[in-house]
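> Mind looking at a prediction? Sequence and model below.
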Number of protein chains: 2
Amino acid sequence: MAFENLSERERLVLRSLINHYITTAEPVGSRAVAQKYRLGISPATVRSTMQDLEEMGLITHPHTSAGRVPTDKGYRLYVDSMMGPEALTASEEDRIRREICADYAAVEDILEQTATVLATVSKQLVVTIAPRFDKGVLNSVNLIPVAEKKILVILAVKHGLVRTVLLEAESSVDVKSLEKTADVLNEKLSGLTLGEIKESIDLRLKETSPADARLIKLFLDSTDSLLDFTEPDQMHLGGTTNIVDQPEFRDREKLRSLIEVLEEKKLLAELVSAKGIKEGISITIGKEMERGEMQSCSLVTSPYRAGKVRGTIGIIGPTRMRYSKLASMVEYAAKLLSDVLSR
Amino acid sequence: MAFENLSERERLVLRSLINHYITTAEPVGSRAVAQKYRLGISPATVRSTMQDLEEMGLITHPHTSAGRVPTDKGYRLYVDSMMGPEALTASEEDRIRREICADYAAVEDILEQTATVLATVSKQLVVTIAPRFDKGVLNSVNLIPVAEKKILVILAVKHGLVRTVLLEAESSVDVKSLEKTADVLNEKLSGLTLGEIKESIDLRLKETSPADARLIKLFLDSTDSLLDFTEPDQMHLGGTTNIVDQPEFRDREKLRSLIEVLEEKKLLAELVSAKGIKEGISITIGKEMERGEMQSCSLVTSPYRAGKVRGTIGIIGPTRMRYSKLASMVEYAAKLLSDVLSR
DNA sequence: GCCTGGCACTTTCCCTCGGAGAGTGCTAAC
DNA sequence: GTTAGCACTCTCCGAGGGAAAGTGCCAGGC
């Protein structure tokens, strides 16, 4: 669908209408557009322009005598070609910077904090997802016995990212062979990315002594969950309360189904990080969302990087959201996060 | 307030009324009580009994011509002295048992799963809180270098409980002295409970060589967060959606403020585990709750044990909840959890 | 003397109705 | 092509009225 053929006036009206609707959450009438945005045209003219826009499917009527409301398609056009970037205010920037750049040792703490600040500043729901480890270069492996049959696997990746998994062995393992296995693993695997390791691990460990086979196998099993970025503890939510206040979630069913998605952390993580694959800000609007439950929401995401690995942050809100501002905000936060995590 | 002087009839009426109200969520009229529970007395008699109960502050009127509703005080009496334990159905038990007793290596996974099952079976909000480490007997300490200045501290406690904290050193530390420090710590501290360690650590480590002082100090700093059971990752929520469906949370403000509390994980953890101190089921009703935001809720909790250490599980719902059933459920789950975690 | 049926009274709930308000869409004039 | 005017449509809100539910009290009965 090419909308390049929209007249200048049509573009102007659509933009004004969306801007107005975003702040008021009420259907916008022709008078409001004509007067408030001083387009120098009369309400009647606006009305006829609106009819055109409606025919193109960019706006709709809730009912005959109400003002107009943008459709998802309308928002899409607005986002793609008519919204300017809206800079954050100094105080917003300050606040975000202060929280993200405070010093934490653990990545999770930063992500948790990021989710919280962004939520307060944006007044929306914020999701931050830990870096996907599969592109990370392995620094070291440690196998620590913590109980008779329990082994803690510690994977350290460049840039201070760490992940641990607790394994249960079938029989008790002695410390010596554990250390030996760890040595073997370190020797053979460090310097590789976890993705590479996962693919080629059978090959690489083929010629190791059979004595360690059992432990190696155990280690193999663990990599799956180590690499799984959709694990619930790899995700942080902030601002759940904010969605309750949004007028669009007056509708109980909508609220319910959204909260349902939030509880299914795995699902949510997939949804958000799928968008974080490509570089830069990515905006998903309403029906474009794969999950039916979220089709009254929009999602603004950006990847961030921690060295070689990438994670995603996202803001979720009703389709009527301040795209320009939120995009700037996500972009800013992602940049800060990348800086902090890559230093 | 002694209510032992309640007549048999008054007790009967109150009980019937509460039972009825719990299932319908509607004010209960005299007719409903008289007929449905076959007390062999007429509605008129019930009415006059109700007046007595109202004078005692056990039930109220939403308005003149509505039925009666129990007050917090009424629920309290009911819970303390007139509700029989309500056994779980076989299928409920099965379901809970299956999920809790599935084999997980990590305690967090069990807790997460427990929260989820209990939420589905109880149709309420469930909170599970990880064991409080301070009573745990230290098994081993490990200090693992994961990046130039980053050290992963691993505390293993009896019964396979593990906690890790990432520390940031001021300058890079070499592996040798790290190992040495770990050895010292293990030697001096293992076999003690973490609580003892925390209290007496200065003393115990006084005569160590000054070379390690820096590392030891770092370790000391970490114990605070290691022992903090209110850390967000030590808590699991299940069934957030369920509260949205409760008729008592139609009121937006109530819903909002409850969700607010849920987001403040630290707060919630304190609230719930405060009740888990004493042995056995503990029930907190409405206004008895410390936090104002939660005064329209009730809380049913029980501690569970993993060896020597204890954690808490709790169910949160509106004051109009099925206390007897939920108490049985929490009790059952706590017992299973204790079994699983202590073996 | 306690229980009960009867009855008047109160309050909510729901439906309807009508007027005010907002906004459209069309048409005719500029 | 733009605008003013105007009839029309639809929602929103408050008033009014009847039904339903339940109470509180009183007088009579076992």
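Good, I have the coordinates.
> Secondary structure class of the residue of the stretch 51-200 of chain A found nearest DNA strand C, three-state.
Closest contact between the stretch 51-200 of chain A and DNA strand C, by C-beta to the nearest atom of the strand, is at A:S65 (3.6 Å). Every C-beta, even on glycine, is put in place using the N, C-alpha and C of the backbone. Under DSSP: H, G, I helix; E, B strand; the rest coil, A:S65 falls in the coil class.
> Just the pLDDT for it.
Each residue has a pLDDT score; the one for A:S65 is 90.
> Is there a neighbour count for it? I'd like the number.
Under the neighbour criterion other C-beta atoms under 10 Å in any protein chain shown, A:S65 is assigned a count of 8.
> Give me the phi and psi angles of it.
Summarising the backbone geometry of A:S65 under the convention degrees, to the nearest 10, its torsions are phi -110, psi 30.
> where's it relative to A:G29, distance?
In this structure, A:S65 and A:G29 are 10 Å apart, going by C-beta to C-beta, to the nearest Å.
> ditto for A:V330
Counting by C-beta to C-beta, the separation of A:V330 from A:G29 is 32 Å.
> So which of these two has more stuff around it?
Using other C-beta under 10 Å as the criterion, A:V330 and A:G29 rank with A:V330 on top: 25 against 19.
> in which helix or strand would I find the residue in the stretch 151-300 of chain A that chain B sits nearest to?
With C-beta to the nearest C-beta as the measure, A:A156 is the residue of the stretch 151-300 of chain A nearest to chain B, at 3.7 Å. Following DSSP states H and E, one finds A:A156 within strand A:150-157.
> pLDDT on that strand, on average?
Confidence over strand A:150-157, taken as the mean pLDDT, stands at 89.
> With stretch A:189-205 instead?
According to the model, stretch A:189-205 has a mean pLDDT of 79.
> Give the other helices and strands that the host helix or strand of A:R95 contacts.
Taking DSSP H and E as the criterion, A:R95 maps to helix A:90-101. Other helices and strands packing on helix A:90-101, by 3 or more C-beta pairs under 8 Å, 6 or more residues apart in numbering or on different chains; DSSP states H and E, are helix A:107-122, helix A:323-342.
> same for the shortest one, what does it pack against?
For helix A:107-122, the helices and strands in contact under the criterion 3+ C-beta pairs under 8 Å, 6+ apart are helix A:90-101, strand A:125-129, strand A:235-238, strand A:309-318, helix A:323-342.
> Go again with 6 Å.
Using 3 or more C-beta pairs under 6 Å, 6 or more residues apart in numbering or on different chains; DSSP states H and E, the elements in contact with helix A:107-122 are helix A:90-101, strand A:125-129, strand A:235-238, helix A:323-342.
> Same question for the strand holding A:A156: list its buried residues.
In terms of neighbour count (16 or more other C-beta atoms under 10 Å in any protein chain shown), strand A:150-157 has its buried residues at A:150-157.
> what number of residues lie near A:D80?
There are 10 residues near A:D80, going by other C-beta under 10 Å.
> And it, how close does it get to B:G286?
52 Å.
> same deal with A:L185?
A:L185 sits at a distance of 56 Å from B:G286 (criterion: C-beta to C-beta).
> More neighbours: which of those two?
Taking neighbours as other C-beta under 10 Å, A:L185 and B:G286 compare with A:L185 leading, 26 against 20.
> ok, now which ones touch that one?
For A:L185, the residues meeting the contact criterion (C-beta atoms under 6 Å, 6 or more residues apart in numbering or on different chains) are A:V141.
> pLDDT weak spots in chain A?
In the prediction, chain A carries residues with pLDDT under 70 at positions A:1-4, A:205-212, A:226-227, A:229-230.
> how about the helices of it, start to end?
Secondary structure of chain A by DSSP state H: the helices cover A:8-24, A:30-36, A:43-55, A:72-77, A:90-101, A:107-122, A:175-189, A:194-204, A:213-227, A:240-245, A:252-263, A:265-275, A:323-342.
> can you redo these as CSV with distance to DNA strand C?
Below are the helices of chain A laid out as CSV (distance: least, C-beta to the nearest atom of the strand, whole Å):
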stretch, distance to DNA strand C
helix A:8-24, 9
helix A:30-36, 4
helix A:43-55, 5
helix A:72-77, 14
helix A:90-101, 31
helix A:107-122, 28
helix A:175-189, 65
helix A:194-204, 54
helix A:213-227, 51
helix A:240-245, 23
helix A:252-263, 16
helix A:265-275, 34
helix A:323-342, 23
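> Indicate which one of those helices is closest to B:K254.
If you check each of the helices of chain A against B:K254 by C-beta to C-beta, helix A:240-245 wins as the nearest, at 10.5 Å.
> For that closest one, which helices and strands make contact with it?
For helix A:240-245, the contact count by 3+ C-beta pairs under 6 Å, 6+ apart identifies helix B:252-263 as packing neighbours.
> Can you tell me the closest non-neighbouring residue to the closest residue to DNA strand C within chain A?
Relative to DNA strand C, the nearest point of chain A is A:G29 (3.0 Å; C-beta to the nearest atom of the strand). Across the structure, with C-beta to C-beta, 6 or more residues apart in numbering or on different chains as the measure, the residue nearest A:G29 apart from its sequence neighbours is A:G67 (3.9 Å).
> per-domain residue ranges of chain A.
With automatic domain parsing as the criterion, the domains of chain A are listed as A:8-82, A:90-132+A:231-342, A:134-227.
> So which of the ones you listed is nearest B:R305?
For these, the distance to B:R305 is smallest for domain A:134-227, at 16.4 Å, taking C-beta to C-beta.
> Parallel or antiparallel, list what pairs with the strand holding A:A156.
Using DSSP bridges, strand A:150-157 pairs in its sheet with strand A:138-145 (antiparallel), strand A:161-168 (antiparallel).
> possible to save these as TSV with distance to A:M235 and mean neighbour count?
Supplementary listing: these in TSV, determined by distance: least, C-beta to C-beta, whole Å; neighbours: other C-beta atoms under 10 Å in any protein chain shown:
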stretch	distance to A:M235	mean neighbour count
strand A:138-145	23	21
strand A:161-168	14	21
